[in-house]
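Visitor: The sequence isn't on hand, but the structure is:
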């Protein structure tokens, strides 16, 4: 978990495929997916393939490659678009005549967790033992130091 985002690792059979963050925001299911070093945002805003799609984040319109189906909308984001998702407060997604407002709180932390998940190929990071003291290094004697 990263705040209200659930971090999930998915596989294709026995092989790691990708990681994503999921949550429901104001009645809209949202996923941030990192696959093959590309970010996709999926939202449960359905429509038909010919619907016009717009993405506005904090009053700035972003260019997106969209795939609209009866199950939802996939948005392929540019680097600027993903940075806006990470740092933004409100996204407005228009699909045809449907408009969904999506609060973006916690997306930066969730995106970092998805990146960690992907780097570790879905495996949790190695635990860190916080109770083992660091080794003490004795200073080497130098000129003017007592023997």
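Guide: In hand now; what should we look at? Keep in mind that what you see is a predicted model, and the values were worked out from it rather than measured.
Visitor: now the strands: where do they sit in this protein?
Guide: Along the chain, the stretches classed as strands by DSSP state E are 6-12, 15-25, 28-35, 38-43, 53-57, 60-62, 64-68, 73-77, 90-95, 98-103.
Visitor: can you tell me the average pLDDT over the shortest one?
Guide: Confidence over strand 60-62 (mean pLDDT, whole number) is 94.
Visitor: Check stretch 28-37 too.
Guide: Mean predicted lDDT for stretch 28-37 stands at 94.
Visitor: now what about that stretch, what contacts it?
Guide: 5, 17-24, 39-45, 72, 85, 100, 102, 107, 110-111, 114-115, 118 (CB atoms under 8 Å, 6 or more residues apart in numbering). Where C-beta positions appear, they are placed from N, C-alpha and C, glycine not excepted.
Visitor: change it to 6 Å
Guide: Stretch 28-37 is contacted by residues 18-22, 40-44, 100, 102, 114, 118 when judged by CB atoms under 6 Å, 6 or more residues apart in numbering.
Visitor: among the strands of the chain, which is nearest residue 138?
Guide: With respect to residue 138, and counting by CB to CB, the nearest of those is strand 6-12 at 43.3 Å.
Visitor: Can you pull up the most central residue in the chain?
Guide: residue 111 (2.7 Å; CA atoms, centre = their mean).
Visitor: Need the nearest residue in space to that residue, chain neighbours excluded.
Guide: Once flanking residues are discounted, residue 111 sits nearest to residue 86: 5.3 Å by CB to CB, 6 or more residues apart in numbering.
Visitor: re the thing from before, which of the contacts of stretch 28-37 ranks first by neighbour count?
Guide: residue 21 (27 neighbours; other CB atoms under 10 Å).
Visitor: how about the longest helix along the chain: buried residues?
Guide: Identified as the longest helix of the chain according to DSSP state H is helix 107-119. Neighbour-count burial for helix 107-119 flags 107-111, 113-114, 117-118 (criterion: 16 or more other CB atoms under 10 Å).
Visitor: circling back to that earlier point, was I right about the residue nearest to the centre of the chain contacting residue 85?
Guide: No. In this structure residue 111 lies outside contact range of residue 85 using CB atoms under 6 Å: 7.6 Å.
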